[in-house]
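K.L.:
compute the structure for the input listed below.
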Amino acid sequence: MKVITVRIPDEDAKALESIESAEKVDRAAAVRKLLSQGIHQWKVQRALDLFRKHRVTLRTAAHMAGLSYGEMFDLAGQSGVTTGYSLEDLRQDLRERDR
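P.N.:
Below is the predicted model of the structure:
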């Protein structure tokens with residue numbers, strides 16, 4: 001495990017103290033949890049942005065974000081990013097499967 005030192009604004013330090021108290025954890029545990037959540041969120045947003053710009057496929061975006069293909073598909077739809085797979089495409093696929 002790496003050790004890092006970082007300076008934060010007083011306002012963030014007060015917020016961190018509130019989080020420590022609410023979560024009933026020490027400062028290091030609170031910072032690790034928040035950092036992990038922030039990194040995950042950044043990865044998801046980065047993957048969605050690259051997918052939106054057609055620089056990566058949906059499957060690659062899902063891998064980058066650490067999500068399943070289905071989760072990324074749903075998230076893209078919720079974020080207004082077109083997946084290139086419409087409801088009509090699904091209906092057609094289901095009709096062909098049932099033949």
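K.L.:
the lowest-mean-pLDDT helix or strand in the chain: how far from the chain's middle?
P.N.:
Least confident helix or strand, the chain: helix 87-97 with a mean of 81, by mean pLDDT, DSSP states H and E. Averaging C-alpha positions (C-alpha atoms, centre = their mean, to the nearest Å) puts helix 87-97 29 Å from its chain's average.
K.L.:
also stretch 14-33?
P.N.:
That offset, for stretch 14-33, works out to 22 Å (C-alpha atoms, centre = their mean).
K.L.:
so what would you say the end-to-end distance of it is?
P.N.:
Taking C-alpha to C-alpha, to the nearest Å, the first and last residues of stretch 14-33 lie 17 Å apart.
K.L.:
who's in contact with it?
P.N.:
The set of residues external to stretch 14-33 that reach it, using C-beta atoms under 8 Å, 6 or more residues apart in numbering, is 8, 34. Bear in mind the C-beta positions are built from the backbone N, C-alpha and C, glycine included.
K.L.:
go through it and flag the buried ones.
P.N.:
19, 20, 30, 31 (16 or more other C-beta atoms under 10 Å).
K.L.:
what about residue 63, neighbour count?
P.N.:
Neighbour count of residue 63, defined by other C-beta atoms under 10 Å: 15.
K.L.:
check which helix or strand covers it.
P.N.:
helix 58-65 (DSSP states H and E).
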